[in-house]
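Q: Predicted structure and sequence below. I'll ask about it afterward.
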Amino acid sequence: MPKISDIQETPNPNAVKFILRESVSNGVARQFASADQAQGDPLSKSLFDVGNVVSVFYMDNMITVEKEDVADWDELLPALAAPIRAADSASSPNGVSAVGGAVAAVTSDDPRLLRINEILDEKVRPYLMGDGGYLEILDLQDHTLKIRYQGACGSCPSSLSGTLMAIEGMLKQEVDPELEVIAV
């Protein structure tokens with residue numbers, strides 16, 4: 001059962017990040033945008049069951065929960081803490097397995113993809129994780145890279161404008177000057 005080490009606000013006012021003392025996923029990113037999607041995932045299902053939750057993202061020792069606009073954090077946080085504390089850690093025998101909403105890695109023979117992932121792992125993903133989010137590569141075709149923001153970044157206005165432009169600028173400079181990055 002993971003203990004909550006800290007609860008942090010994110011740049012998205014409708015999302016908070018729970019920092020845990022134990023991992024709940026062993027490096028596998030999990031994203032659920034509805035209670036229906038979370039049915040096969042006990043941790044996410046229990047968070048949706050609290051009510052007023054619109055998305056759940058977790059990876060390693062971080063869980064990001066996004067609430068409905070009308071919900072109040074003062075009432076919701078204690079209710080969310082209970083199922084998080086009751087969840088199995090990844091090291092327990094009943095720990096989370098990599099099924100359901102797990103993020104699939106894009107595979108390609110394109111050498112740019114490896115370099116893009118290196119840059120994202122080094123310069124982008126740690127900062128997004130610091131804000132309760134993550135970034136997944138969906139596809140690389142010709143000069144178009146499709147990405148998906150996850151967690152707090154998934155519905156944050158700054159991720160769809162400033163952050164996206166910064167990522168595109170960095171990748172144009174270091175990988176392909178014609179690259180266009182599209183968030184889907």
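A: Looks like it arrived, so ask away.
Q: contacts and neighbour counts: CA atoms only from here.
A: Noted.
Q: so who does the closest residue to V56 other than its chain neighbours touch?
A: With sequence-adjacent residues excluded and distances taken as Cα to Cα, 6 or more residues apart in numbering, V56 is closest to V65, at 4.8 Å. Listed by Cα atoms under 8 Å, 6 or more residues apart in numbering, the contact set of V65 reads A15, V16, K17, V53, V54, S55, V56, F57, G151, A152.
Q: Confirm that S5 lies within a strand, as I assumed.
A: Yes - assessed with DSSP: H, G, I helix; E, B strand; the rest coil, S5 lies in a strand.
Q: picking that back up, I'd like the distance between the residue nearest to V56 and D121.
A: Using Cα to Cα, to the nearest Å, V65 is found at 23 Å from D121.
Q: again, but for D88
A: 27 Å.
Q: Surely A86 touches P42?
A: No - A86 is beyond contact range of P42, at 10.5 Å (criterion: Cα atoms under 8 Å).
Q: returning to what we had before: so D88 and D121 - more neighbours on which side?
A: D88 (21 against 13; other Cα atoms under 10 Å).
Q: Quick check: the more buried one is in a strand.
A: No - looking at D88 with three-state DSSP, it is coil, so not inside a strand.
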